[in-house]
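Student: What shape does this take:
(2 chains)
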There are 2 protein chains.
Amino acid sequence: MYEGKYAILGTGALGGYYGAKLQKAGLDVHFLLKSDFEQVSQHGLIVESKDGDFTLPQVNAYNDVAKMPKCDVVVVALKTTQNHLLPKLLPSVVKDGGIVLVLQNGLGVEEEITKIVEKVHVIGGLCFLCSNKVGAGHIRHLDYGHITLGEYIEGYAATGITDRMQQIGNDFQAAGIEIELSTDLLLGRWKKLMWNIPYNGLSVVLNARTDELMADTYTRTLVEQLMREVQAGANSMGRTIPDSFMQTMLDYTVKMKPYRTSMKIDYDECRPLEVDAIVGNPLHKAQALGVNLPQISCLYHQLKFLDRRNGVGH
Amino acid sequence: MYEGKYAILGTGALGGYYGAKLQKAGLDVHFLLKSDFEQVSQHGLIVESKDGDFTLPQVNAYNDVAKMPKCDVVVVALKTTQNHLLPKLLPSVVKDGGIVLVLQNGLGVEEEITKIVEKVHVIGGLCFLCSNKVGAGHIRHLDYGHITLGEYIEGYAATGITDRMQQIGNDFQAAGIEIELSTDLLLGRWKKLMWNIPYNGLSVVLNARTDELMADTYTRTLVEQLMREVQAGANSMGRTIPDSFMQTMLDYTVKMKPYRTSMKIDYDECRPLEVDAIVGNPLHKAQALGVNLPQISCLYHQLKFLDRRNGVGH
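Tutor: Next up is the predicted model:
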């Protein structure tokens, strides 16, 4: 078991779940909170989970990053729409030579982080987790939970399996979280975008669940066309997603229970949409490399309009 | 003044308005109706118009095309979503050597008509009309009204100004309707699509008025990108729409009063959308000529989904 300190930036459905599991396994975890700070500092965290409910009556809760100890591993579990806060948060909490672990969707965040803090290692994690925050400090874990880890180096070049990945993997596995280690973070991110771009995007624009999008021949065709563009985007950065993976995603989605995507939930709750990280960044990366993704561009412009109009309070 | 008979197929906001104007000017007009038949056959038509209100207490009203006389000019004023009725309607009502005048939006209807009735001349009309049906046989004309006429010949080749165009032009002008004669129907249709595709399409998908689409930088950019694709579509059929025309459409729309497009009104009223004529046909024509219009394709697939879901009663 690793002796270092973990920080969780963003103690919500995702950060709260993984952080609580780590603490339960005996790790030294420090949670940054905002609206739930009072509740959690007094009463801790409650996790209802399909793998077994548990309560942590006492946790290290903070509402100010300046009060947190320097941590060895800083887990970024904010929504990407909060990433403008990172320049204020990260330098204060991460140790020199420490690790920033980005548990977010989309593309480009690892790169941004290396511009904010030098002398750290950045690892990206792709989470497959169904979890909701149902109240202050109260998390309901519905399904899945595994994470694919990959280390970021400049230009998203493929890496080997580093000791750091191994070590974080061991900690998470000790906490009962399934971990896969990947030598190619960028490929993993693009593969995840192959699902996230069409389904998150269309679910908001068309006010539709995944099953509706798959049942209609027109939207199913559009999903496939968008997936082809994601494939082309990955290609523009030197990564190949095979057609068989695309087919797997389609089949998998057909078999899923009717599902309201995370972006649709954010939209319905009038929260900011993760449209830049999930749609804009991949689009602009590919464009910068001379590859146009016109249907993703269409979706991006539609989502930006809807996000702005929805977000009087953003 | 022409001595022939006019038939109006579809006595709604558009057909009712133009037909009433023609009858008022002394022409012999025969109206086909459906839901308003009882009312109109007993009480005629009422037109409220910015150019002066008038009533026609008695009109030749029919609810069955078989009871109509053979006419010299048959005005197709149905919504394009009703065009599946044309094979039943047209052969019965148009004289050999007569004219079918298509006052509809979109692309491809003239060509379809030549497959339904031979031995007729087909003229297309692009109407710039703001008019609503506010009750049975009761039309409110809000603004504009001019029509650009162009004759159809096979393959949408450019024509000269034919005698037939001239003659219909004279009749309409005698009825106080401003007429322009065009030697290139296809170019006119594509120019109109440059407005209709982005604004009708996005107004439905994004639940937005024209002013909202123009005020937001993202949707304004998307409108422009869609207009570029319309330009490319016109190009695929050998027609050139200059950039200056695109700019004119943008400026004109910015200056317009906030406007709910006709497709949006249809959507809000749960009527079928004219998505095939206005979006699908231009898309598929260009694709058949090897030109892909990916953003129009995206919009098309979105609209088809929304139309189907909206149309439990279609």
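
Student: which residues does the closest residue to residue A:104 other than its chain neighbours contact?
Tutor: Distances taken as CB to CB, 6 or more residues apart in numbering or on different chains place residue A:80 nearest to residue A:104, at 5.2 Å, with adjacent residues excluded. Every C-beta, even on glycine, is put in place using the N, C-alpha and C of the backbone. By CB atoms under 8 Å, 6 or more residues apart in numbering or on different chains, the contact set of residue A:80 is A:104, A:105, A:106, A:109, A:274, A:276, A:277, A:278.

Student: CSV please, covering these and showing neighbour count.
Tutor: Converted to CSV, those look like this (neighbours: other CB atoms under 10 Å in any protein chain shown):
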residue, neighbour count
A:104, 25
A:105, 20
A:106, 23
A:109, 23
A:274, 24
A:276, 21
A:277, 22
A:278, 25
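
Student: What parts of the stretch 201-314 of chain A come near chain B?
Tutor: By the rule CB under 8 Å from any CB of the partner chain, the part of the stretch 201-314 of chain A lying against chain B is A:202, A:205-206, A:208, A:212-213, A:216, A:218-219, A:221-222, A:225, A:294-295, A:297-302, A:304-306, A:308-309.

Student: if you look at the residues you listed, which of them are in helices?
Tutor: A:202, A:205, A:212-213, A:218-219, A:221-222, A:225, A:294-295, A:297-302, A:304-306, A:308-309 (DSSP state H).

Student: Those residues, buried ones only, as a ChimeraX selection?
Tutor: In ChimeraX, a selection of the buried entries from those looks like this (16 or more other CB atoms under 10 Å in any protein chain shown):
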select /A:202,205,212,213,218,219,222,225,294,295,297,298,299,300,301,302,304,305,306,308
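
Student: Can you give me the distance of the residue nearest to residue A:104 to residue A:243?
Tutor: Per CB to CB, to the nearest Å, residue A:80 is found 29 Å from residue A:243.

Student: Strands of the stretch 151-300 of chain A, start to end?
Tutor: A:179-181 (DSSP state E, counting those that start in this stretch).

Student: before we move on, what about the stretch 1-150 of chain A?
Tutor: A:5-9, A:28-32, A:45-49, A:54-56, A:60-62, A:71-76, A:94-102, A:121-135, A:138-152.

Student: Include distance to residue A:85, mean pLDDT and mean neighbour count when you put those strands into TSV, please.
Tutor: Shown next, in TSV, are the strands of the stretch 1-150 of chain A (distance: least, CB to CB, whole Å; pLDDT from 0 to 100; neighbours: other CB atoms under 10 Å in any protein chain shown):
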stretch	distance to residue A:85	mean pLDDT	mean neighbour count
strand A:5-9	8	98	28
strand A:28-32	10	98	24
strand A:45-49	22	98	21
strand A:54-56	25	98	16
strand A:60-62	14	98	21
strand A:71-76	10	98	25
strand A:94-102	14	97	20
strand A:121-135	17	95	19
strand A:138-152	20	95	20
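
Student: Out of those, the one nearest residue B:258 is which?
Tutor: Closest to residue B:258 of the strands of the stretch 1-150 of chain A is strand A:121-135 (CB to CB; 38.9 Å).

Student: what lines up beside the closest one in the sheet?
Tutor: Applying DSSP bridges to the sheet, strand A:121-135 is found paired with strand A:94-102 (parallel), strand A:138-152 (antiparallel).

Student: Just tell me which of those strands ends up closest to residue A:167.
Tutor: That would be strand A:94-102 among the strands paired with strand A:121-135, by CB to CB, at 8.5 Å.

Student: That closest one vs strand A:71-76, what angle?
Tutor: 30 degrees (axes from the mean of the first three to the mean of the last three CA atoms, to 10 degrees).

Student: pLDDT below threshold where in chain A?
Tutor: A:1-2, A:312-314 (pLDDT under 70).

Student: Give me the most central residue, it.
Tutor: residue A:104 (2.1 Å; CA atoms, centre = their mean).

Student: surely residue A:283 meets residue A:230?
Tutor: No - here residue A:283 lies out of contact with residue A:230, judged by CB atoms under 8 Å, at a distance of 10.0 Å.

Student: which residues are in contact with both of the two?
Tutor: Joint contacts of residue A:283 and residue A:230 (CB under 8 Å, 6+ apart) are A:293, A:296.

Student: Give the full set of residues in contact with the nearest residue to residue A:262 once chain neighbours are set aside.
Tutor: Excluding the flanking residues, the one nearest residue A:262 by CB to CB, 6+ apart is residue A:200, at 6.7 Å. Shown in contact with residue A:200 (CB under 8 Å, 6+ apart): A:261, A:262, A:263, A:264, A:274, A:278, A:279.

Student: Now render those residues as TSV, adding distance to residue A:145.
Tutor: Listed next are the contacts of residue A:200 as TSV, based on distance: CB to CB, whole Å:
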residue	distance to residue A:145
A:261	18
A:262	15
A:263	20
A:264	21
A:274	20
A:278	20
A:279	25
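
Student: coming back round to it: which of the contacts of residue A:80 fall within helices?
Tutor: Per DSSP H, the subset of the contacts of residue A:80 in helices is residue A:109.

Student: which one of the contacts of residue A:80 sits closest to chain B?
Tutor: Closest to chain B out of those is residue A:276 (11.7 Å), distances taken as CB to the nearest CB.

Student: Can you give me the separation between the nearest residue to the closest one once chain neighbours are set aside and chain B?
Tutor: Excluding the flanking residues, the one nearest residue A:276 by CB to CB, 6+ apart is residue A:80, at 6.9 Å. Counting by CB to the nearest CB, to the nearest Å, the separation of residue A:80 from chain B is 18 Å.
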